[in-house]
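>>> need a 3D model of the following:
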Amino acid sequence: MRTKLTLTIEQDVIKVAKIYAKEKGKSLSELIENYLKILTIKMSSDVKLSPRVKKLKGSIKLPIGFDYKKALAEELSKKYSK
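A predicted model of the protein is given here:
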């Protein structure tokens, strides 16, 4: 069963997200739903990493305190503000 949900999100985030969704051929609702599904799967203790993923885990070293969410947001902002 589908249910309507009202969210309050920053206008700039919505603008970039709509562009991204359009490029991917998806609706913003689909993107948000899929993201929430991923979050809930990650929270599940039943999720097991494949041997390949386990091997790759930790292979990238980032500076202490690196904020990947901020870096991603900045890159997306640059890409879509043109």
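>>> how far out from the middle of the chain is stretch 65-79?
Averaged C-alpha coordinates place stretch 65-79 at 12 Å from its chain's average position (CA atoms, centre = their mean, to the nearest Å).
>>> model confidence over it, on average?
Per-residue pLDDT values across stretch 65-79 average out to 82.
>>> so what touches it?
D12, V16, Y20, L62 (CB atoms under 8 Å, 6 or more residues apart in numbering). (Each C-beta comes from the backbone N, C-alpha and C, glycine too.)
>>> contacts only, for the last one.
For L62, the residues meeting the contact criterion (CB under 8 Å, 6+ apart) are Y68.
>>> against V13, how distant is it?
Separation of L62 from V13 (CB to CB, to the nearest Å): 24 Å.
>>> picking up where we left off before, just among the contacts of stretch 65-79, which is most surrounded?
Among the contacts of stretch 65-79, the one with the most neighbours (other CB atoms under 10 Å) is V16, at 17 neighbours.
>>> then the helix or strand harbouring it to CSV, C-alphas only?
Here V16, judged by DSSP states H and E, is contained in helix 11-24. In CSV, the C-alpha atoms belonging to helix 11-24 read as follows (Å, rounded to 0.1, in the frame of the first residue of the first chain):
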residue,chain,number,x,y,z
GLN,A,11,15.0,24.2,-1.3
ASP,A,12,18.5,23.8,-2.8
VAL,A,13,18.6,20.1,-1.9
ILE,A,14,15.3,19.6,-3.6
LYS,A,15,16.5,21.4,-6.7
VAL,A,16,19.6,19.3,-7.0
ALA,A,17,17.7,16.1,-6.2
LYS,A,18,15.1,16.7,-8.9
ILE,A,19,17.8,17.2,-11.5
TYR,A,20,19.6,14.0,-10.4
ALA,A,21,16.3,12.1,-10.4
LYS,A,22,15.5,13.3,-13.9
GLU,A,23,19.0,12.3,-15.2
LYS,A,24,18.4,8.8,-13.7
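>>> thanks a lot, see you next time.
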